[in-house]
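**Student:** Got a predicted structure here, sequence first:
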Amino acid sequence: MITIYFAGSIRGGRDDAAVYRALIAHIATRAQVLTEHISDDLSVRGEEDLSDAQIYARDMDWLRSCEAVIAEVSTPSLGVGYEIGMAESAGIPVLCLCDAARGARLSAMISGNSNVQIKHYDGIKDAQTTIDAFIEALGANPLRMGDSS
């Protein structure tokens, strides 16, 4: 089963928590989600018992072990941007989902990056269809970006 690191805003704002829940639940029907806790406000609040260094170490371990990253980027987040950059540098495929209805303007560091797939989605069903296609493509070509083996 393919492993997915789902990235979404935590400290940058939890306005999209319901969207994260719907997307993670859908991804979990097709892949293992290493970061399911992002969809659960109680789990996120439970991180208060962890130091920032512990959260960083845990999340970097998950990121290094995943086969792909799916990031919901409608709410700007320094952490999500960092995770996308780290995934790109490790050759891990990245799909960024952005709610088209919000008209969010992404950072040029994301929108101008040809190594990152960006999809402005129109509703959860549209995002789920995009996720399905992304995961199917991973199954057809499980090599990371830049892998020559």
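**Tutor:** Thanks, I have it.

**Student:** Residue 19 against residue 98, yeah?
**Tutor:** No. In this structure residue 19 lies outside contact range of residue 98 using Cβ atoms under 8 Å: 11.0 Å. Heads up, the C-betas are built off the backbone N, CA and C, glycines and all.

**Student:** Let me know the average pLDDT across stretch 126-140.
**Tutor:** Mean pLDDT, stretch 126-140: 93.

**Student:** repeat for stretch 15-33
**Tutor:** For stretch 15-33, the per-residue pLDDT values average out at 92.

**Student:** what pairs with the helix or strand containing residue 98, and is each one parallel or antiparallel?
**Tutor:** Secondary structure from DSSP states H and E places residue 98 in strand 94-99. For strand 94-99, the paired strands and their directions (DSSP bridges) read strand 68-72 (parallel), strand 116-121 (parallel).

**Student:** List the buried residues in whichever helix or strand comes after that strand.
**Tutor:** Taking DSSP H and E as the definition, the helix or strand that follows strand 94-99 towards the C-terminus is helix 108-111. For helix 108-111, burial by neighbour count (16 or more other Cβ atoms under 10 Å) applies to residue 110.

**Student:** Which parts of the protein are helices?
**Tutor:** Chain-ordered helices for the chain, with DSSP state H as the definition, fall at 17-27, 41-46, 52-65, 78-89, 108-111, 124-140.
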